[in-house]
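J.: need a 3D model of the sequence below.
(chains A and B)
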Amino acid sequence: MTIDDLLMQLNTSALWIPAAGTALLGLATGTVGSFAVLRRQSLQGDAVAHAALPGVAAAFLLGGRVPIALVLGGAAAGWIAMVLVTLITRRSRVPFDSALAGTLAVFFGLGLVLFTYIQRNIADASLTPLERYLFGQASFIREPDLWVIGGFGVLAIIVIVACWKQFKLVSFDPAFAASLGFPVRVLELLLTTLTVIAVVIGLKAVGVVLMTALLIAPAVAARQWTDQLGRLVILAGIFGAVAGVAGTLASHLLSYQFTRAGAVPTGPTIVLCAAALVVLSLVFGTARGWLWTLLHVKALPSEPG
Amino acid sequence: MSATLELCLVLSVVAVACALPGAFLVLRRAAMTSDAIGHVLLFGIVLAYFATRDLDSPWLLFGAAGAGLLAVVLVEALEKSGRVKSDAALGLVFAALFAAGVLMVSVSVKNVHLDVDQVLLGQPDYATQPRWEAFGIAIAPVWVMTAVLGVNTLLITLFFKELKLSTFDPGLAATLGFRPTLIHYGLMTLVSITAVAAFDTVGPVLVVGFFVVPAAAAYLLTDRLGVMLVLAGAFGVVAAFLGTFAADTFNTTTAGAVAAVLGLLFAVVFLVAPGRGLIAQELQEVRQKRAFYELMLAVHLMQHEGTPEEAEESRLAGLHHHLSWTPAQVERVVTRAERNGLVVRAGELLKLTDAGRAKAREVLGDRISSEPQP
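T.: Next up, the predicted model:
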């Protein structure tokens, strides 16, 4: 592939609309994911993503074909799953991770049932193959999707800015927050709801299985560079956006090698870009990175006293 | 044997094989690890395929099991570095390896049929067809699964004591020289091998369902580890049968239907489990509330027993005023207290019985009883 070829491949709206979509998506998931990672709820995203599947299918069955209907259906199912996990954890001795894994498997199974039903019984269903939601295909992002991702992404970021102080306290010291009279359960539910929103707007581009990584990876990468929450969240948002754009580009260029457009799903390329950011940050991060700690610790003994 | 019944039996074998190590995953709070392992298998299978270029090679199974273990080791290394929390490490490692697997499939495996859809849904219908070639013999997945069931049963029976102790008290296990780390990796190897054998038939997500859900339901019904293992296996078998017939009736995916039935089973146990279920909890709360109100009534009566104010304070018609209850509530509490033999009506007044006095004394102690009784 020559440089001219490459430039021609990049200079197309079929690339830039998905790239803009995944950039917005990464921005939103990075921001929201920071709180999930700090609260040790990283795996929540995984369960939400799997649990959203029956909601997407149900919305489709009920006649919802526009992106917003599918997103709302997915969000409803993901949210119900999270409420169930909280209920099971609070009212029985089943541990949190078992409740999460169980709910994930059951909801995903339900989703498979509905999707199989759709594929076997509804005529125009081959237009939305299951695989697209499992592994994500950003090239299917059209302008309406862009509005959905942008709208909900901006909404999530506004909520985080508006409740900054509360979220910060709840993430670091929920017991203290409760003693100050903050409605901790409501705030936690709000953070969970933001996670649900961030996950479902990304399903189409990144897919059910890998969506969780886009929540976790930017925050984990950002954590290696700073100890300050504000910087962490902003940095995570930027990392998320970078991973989104880079992954979409990579998928686009790899797909170009094949005859079929969209042959390479976007989810894996975005996640691998995010994972690369994590590895780089783990080595070079200026707060906790491996190299930085190594130099810092070596410098210590030479100090007098 | 009909095809449906055969499918039920195959899935039952899978269910029991998963439920045994699954019980320990639930108790050790490592349930999400099974989800991670289930997904990472794809990565191992693809790598092994690149090495052998043969989709029917048993090496694919070993590659998958190896990948599962690799994921566990990577997660623990990240965690021990102190830079990433355990839950984030788990989510990152499995997603990255799974992404690498999917990418390798879509980029390189052009003319070989390695359908990701089918990998995720499993192929329960083909479980009895010969699939793997080893030593010139074609082996069906169901026989691999049966062997794994045998190994799981044998190992868990042999090391029952060690597993039990290291699960419930790792500190004591280490002190007594049981090597909890070794047991941990042993269990993870078992989980990995079980997941590999099972996921070809039921897909990685139902594998998680089989590992976690029956064990979680059983955990709500018993305090004995042995009973929990048996119950978990039984739940798995019931779900396998009901799910297969449901899938048959509604013409849909078996793996999905079984997972949905597992959820239903858990929901039922969660509601009706004796002592621990939601209904039992609510009943318990109602009982406690009632007992508390009766106690309050007894204490109130005892406080004023034999005093000049008794005529006013213990008057049935005035009780709602003194106790700040509604008249209807007073009526309900008094009726129940009467039925339980704590109080008797004496004209206008309410009098304590001996049983009622003893009850009130539980709260008030000897402070009142030491005073002269009329």
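J.: and the helix or strand where A:Ser281 lies, how far from the chain's centre?
T.: Using DSSP states H and E, A:Ser281 falls within helix A:266-284. From the chain centre to the centre of helix A:266-284 is a distance of 14 Å (CA atoms, centre = their mean, to the nearest Å).
J.: quick check: which element contains B:Lys351?
T.: Assessed by DSSP H and E, B:Lys351 sits inside strand B:349-352.
J.: buried sites along that strand?
T.: By 16 or more other CB atoms under 10 Å in any protein chain shown, the buried positions in strand B:349-352 come out as B:349-350, B:352. Quick note: C-beta positions are derived from backbone N, CA and C, even for glycine.
J.: for these, which one is nearest B:Tyr185?
T.: Nearest to B:Tyr185 among those: B:Leu352, at 64.7 Å, using CB to CB.
J.: can you tell me the distance between the two ends of stretch B:332-347?
T.: 18 Å (CA to CA, to the nearest Å).
J.: mean confidence score for it?
T.: Taken as a whole, stretch B:332-347 carries a mean pLDDT of 88.
J.: list the contacts of it.
T.: B:290, B:293-294, B:297-298, B:301, B:316, B:319, B:325, B:350-353, B:355-356, B:359 (CB atoms under 8 Å, 6 or more residues apart in numbering or on different chains).
J.: could you do stretch B:9-22 as well?
T.: B:34, B:124, B:127-128, B:142, B:145-146, B:148-149, B:152-153, B:156, B:187, B:190-191, B:194-195, B:197-198, B:201-202, B:207, B:210-212, B:214-215, B:229, B:232-233, B:235-237, B:239-241, B:243-244, B:254, B:258.
J.: of those, which ones also sit close to chain A?
T.: Restricting the contacts of stretch B:9-22 to those near chain A by CB under 8 Å from any CB of the partner chain leaves B:34, B:211-212, B:215, B:258.
J.: and the stretch 1-150 of chain B, which of its residues are near chain A?
T.: The stretch 1-150 of chain B has residues B:25-26, B:29-32, B:34-35, B:39, B:81, B:83-85, B:87-88, B:90-92, B:95-96, B:98-100, B:102-103, B:106-107, B:110, B:116-117, B:120-121 near chain A, with proximity defined as CB under 8 Å from any CB.
J.: how about the stretch 251-374 of chain B?
T.: B:251-253, B:255-260, B:262-263, B:266, B:270, B:273, B:276, B:278, B:281.
J.: what residues of stretch B:43-54 count as buried?
T.: Under 16+ other CB under 10 Å, the buried positions of stretch B:43-54 are B:43-49.
J.: that older thread, whichever of the contacts of stretch B:332-347 end up buried, select them in ChimeraX.
T.: In ChimeraX syntax, the buried subset of the contacts of stretch B:332-347 is picked out as below (16+ other CB under 10 Å):
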select /B:293,294,297,298,301,316,319,325,350,352,353,356,359
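J.: still on that earlier bit, so which of the ones next to chain A among the contacts of stretch B:9-22 wins on neighbours?
T.: B:Phe211 (38 neighbours; other CB atoms under 10 Å in any protein chain shown).
J.: list the contacts of it.
T.: B:Phe211 neighbours (CB under 8 Å, 6+ apart): A:101, B:18-19, B:21-22, B:25, B:31, B:34, B:191, B:194-195.
J.: give me the contact list for stretch A:81-88.
T.: A:44, A:47-48, A:51, A:94, A:96, A:99-100, A:102-104, A:107, A:192, A:195-196, B:270.
J.: tell me which two in the residues you listed are the farthest apart.
T.: For the contacts of stretch A:81-88, the farthest-apart pair by CB to CB is A:Thr195 and B:Phe270; their separation is 23.8 Å.
J.: higher neighbour count, those two?
T.: A:Thr195 (28 against 21).
J.: for the host helix or strand of that one, C-alpha coordinates in PDB please.
T.: Element membership for A:Thr195 (DSSP H and E) is helix A:184-206. C-alpha atoms of helix A:184-206 as PDB (Å, rounded to 0.1, in the frame of the first residue of the first chain):
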ATOM      1  CA  VAL A 184     -24.900   7.200  49.400                       C
ATOM      2  CA  ARG A 185     -27.200   4.600  48.000                       C
ATOM      3  CA  VAL A 186     -28.700   7.100  45.600                       C
ATOM      4  CA  LEU A 187     -25.300   8.300  44.500                       C
ATOM      5  CA  GLU A 188     -24.000   4.800  44.000                       C
ATOM      6  CA  LEU A 189     -27.100   4.000  41.900                       C
ATOM      7  CA  LEU A 190     -26.500   7.100  39.900                       C
ATOM      8  CA  LEU A 191     -22.900   6.100  39.200                       C
ATOM      9  CA  THR A 192     -24.100   2.600  38.200                       C
ATOM     10  CA  THR A 193     -26.700   4.200  35.900                       C
ATOM     11  CA  LEU A 194     -23.900   6.200  34.300                       C
ATOM     12  CA  THR A 195     -21.900   3.000  33.800                       C
ATOM     13  CA  VAL A 196     -25.000   1.400  32.200                       C
ATOM     14  CA  ILE A 197     -25.400   4.400  29.800                       C
ATOM     15  CA  ALA A 198     -21.700   4.400  28.900                       C
ATOM     16  CA  VAL A 199     -21.800   0.700  28.200                       C
ATOM     17  CA  VAL A 200     -25.000   0.500  26.000                       C
ATOM     18  CA  ILE A 201     -24.100   3.400  23.800                       C
ATOM     19  CA  GLY A 202     -20.900   1.500  22.900                       C
ATOM     20  CA  LEU A 203     -22.400  -1.900  22.200                       C
ATOM     21  CA  LYS A 204     -22.700  -1.300  18.500                       C
ATOM     22  CA  ALA A 205     -19.200  -0.100  18.100                       C
ATOM     23  CA  VAL A 206     -17.200  -2.200  20.600                       C
END
